[in-house]
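> Attaching a predicted model along with its sequence, questions to come.
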Amino acid sequence: METVCPLCNGMADIDQRCPRCGGKMVDGGALENYLGPYSPYLDVDSFNYGLPNKQCVHLLFCPACGYDSRTATSLVTI
Ligand SMILES: [Zn+2]
Ligand SMILES: [Zn+2]
């Protein structure tokens, strides 16, 4: 048994539309890949406070207009 992020492992697709132009959002990868796991700018513990499960935060972006957002994906046990 292992707890993994379905997006990081290619088990799920992003299914979100850009709120600005309606284009399909693309997964830019886990946020910690950008900031590093010990970045002072991303306090994962406080972000996850009160949530039942650990989550993996991904950066989504719209290739059409450049809009970007973050989404928290619940980890799954496989
Ligand atoms: Zn992930
Ligand atoms: Zn867009």
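Thanks, I have the structure now. Numbers count the residues shown, from 1 in each chain. Ligands and ions are numbered 1, 2, ... in the order given.
> Return the helix or strand in the chain with minimum mean pLDDT.
When the helices and strands of the chain are scored by mean pLDDT, DSSP states H and E, helix 44-47 comes last with a mean of 52.
> Near ligand 2, which residues of the protein? Just list them.
Residues of the chain found near ligand 2 (Cβ under 5 Å from the ion) are 18, 20, 21, 23, 62, 64, 65, 67. The C-beta positions use only the backbone N, C-alpha and C, and glycine is treated the same way.
> Tell me where this protein has helices.
Secondary structure of the chain by DSSP state H: the helices cover 32-35, 44-47.
> roughly how far apart are the residue lying closest to residue 72 once chain neighbours are set aside and ligand 2?
Once flanking residues are discounted, residue 72 sits nearest to residue 55: 4.2 Å by Cβ to Cβ, 6 or more residues apart in numbering. Distance of residue 55 to ligand 2, computed by Cβ to the ion, to the nearest Å: 24 Å.
> pretty sure residue 55 contacts residue 76?
No: the pair residue 55 and residue 76 does not pass the contact test of Cβ atoms under 8 Å, sitting 10.9 Å apart.
> Report the contact partners of the residue lying closest to residue 20 once chain neighbours are set aside.
In this structure, residue 20 finds its nearest non-sequential neighbour in residue 67, 4.6 Å apart by Cβ to Cβ, 6+ apart. By Cβ atoms under 8 Å, 6 or more residues apart in numbering, residue 67 lies in contact with 18, 19, 20, 21, 61.
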